[in-house]
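Asker: structure of the sequence below:
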Amino acid sequence: MRCARRVLLVLILTCGGSFPLQSQSQDSRGPPLSQQSRGFRLEQNYPNPVNPETWIPFFLEEELFAEADSAVVSLRIVNQLRQTIAIPIAVEHPRGRDLQVTNLSYRSAGRQVAYWDGRDTAGRLVRSGVYYYQMVIDDHRPLVGKLIVLNPRRRSNIVPWFGGNKRDRPE
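Answerer: A predicted model of the protein is given here:
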């Protein structure tokens, strides 16, 4: 019975927990990310679960450029404690390649895509778990999406060699 309670707690924390930011995320209480409209939309990343890389599409609508000639976009990957884990890069941007999507200016409407390789700011693969991507455009309220990272298990060199031929065993 104790084990069942622990498993239930882990499931609730990883699957049913809500994001601590005060913004709309993709869940049953609000509209899906792709249906939200304030001049921009944040869509679900793909593939999800992430193993280890993902693409995050977002759409800048014409109404966003009605009052200004550009929109400043920031996108970041955060953990459940709202700590920034990584900054995705813009797949195609007029200023060049491999630009981080942080205060990045866009001058035209349309679908844009950001890429994240599953690594943190120090270049290490992040651990498996639930993360969030947060997009802020100009001074608008941020949009948040949930992503799940499933990195393959790493084999440990501590486990002794079992089975196989003697010639295959490490020396």
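
Asker: which residues in this structure form strands?
Answerer: 40-42, 54-60, 71-78, 84-86, 89-90, 104-106, 110-116, 129-137, 143-149 (DSSP state E).

Asker: now those as CSV including mean pLDDT, mean neighbour count and distance to N48?
Answerer: C-betas here are computed from N, CA, C, even on glycine. What follows is the strands of the chain, written out as CSV (pLDDT from 0 to 100; neighbours: other C-beta atoms under 10 Å; distance: least, C-beta to C-beta, whole Å):
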stretch, mean pLDDT, mean neighbour count, distance to N48
strand 40-42, 91, 22, 13
strand 54-60, 95, 20, 7
strand 71-78, 95, 21, 13
strand 84-86, 96, 18, 16
strand 89-90, 94, 20, 18
strand 104-106, 92, 18, 23
strand 110-116, 94, 17, 12
strand 129-137, 94, 20, 10
strand 143-149, 94, 20, 5
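
Asker: count of neighbours near Q44?
Answerer: 15 (other C-beta atoms under 10 Å).

Asker: so how far is E43 from Q80?
Answerer: Distance, Q80 to E43, by C-beta to C-beta, to the nearest Å: 22 Å.

Asker: look at those two and report which has more neighbours.
Answerer: E43 (20 against 15).

Asker: so who does the closest residue in space to the more buried one that isn't next to it in sequence touch?
Answerer: Distance criterion C-beta to C-beta, 6 or more residues apart in numbering; nearest residue to E43, sequence neighbours excluded, is P57 at 4.4 Å. Applying C-beta atoms under 8 Å, 6 or more residues apart in numbering, one finds that P57 lies in contact with E43, N45, Y46, R111, Q112, V113, A114.

Asker: of all those, which comes closest to V136?
Answerer: A114 (12.9 Å; C-beta to C-beta).

Asker: the closest one and D69, how far apart?
Answerer: Counting by C-beta to C-beta - A114 and D69 are separated by 22 Å.

Asker: dump the contacts of P57 to TSV, plus distance to R97.
Answerer: Converted to TSV, these look like this (distance: C-beta to C-beta, whole Å):
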residue	distance to R97
E43	22
N45	20
Y46	21
R111	18
Q112	14
V113	13
A114	13
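
Asker: contact partners of stretch 116-127?
Answerer: Residues contacting stretch 116-127 (C-beta under 8 Å, 6+ apart): 50-56, 77, 84-89, 133, 149, 151.
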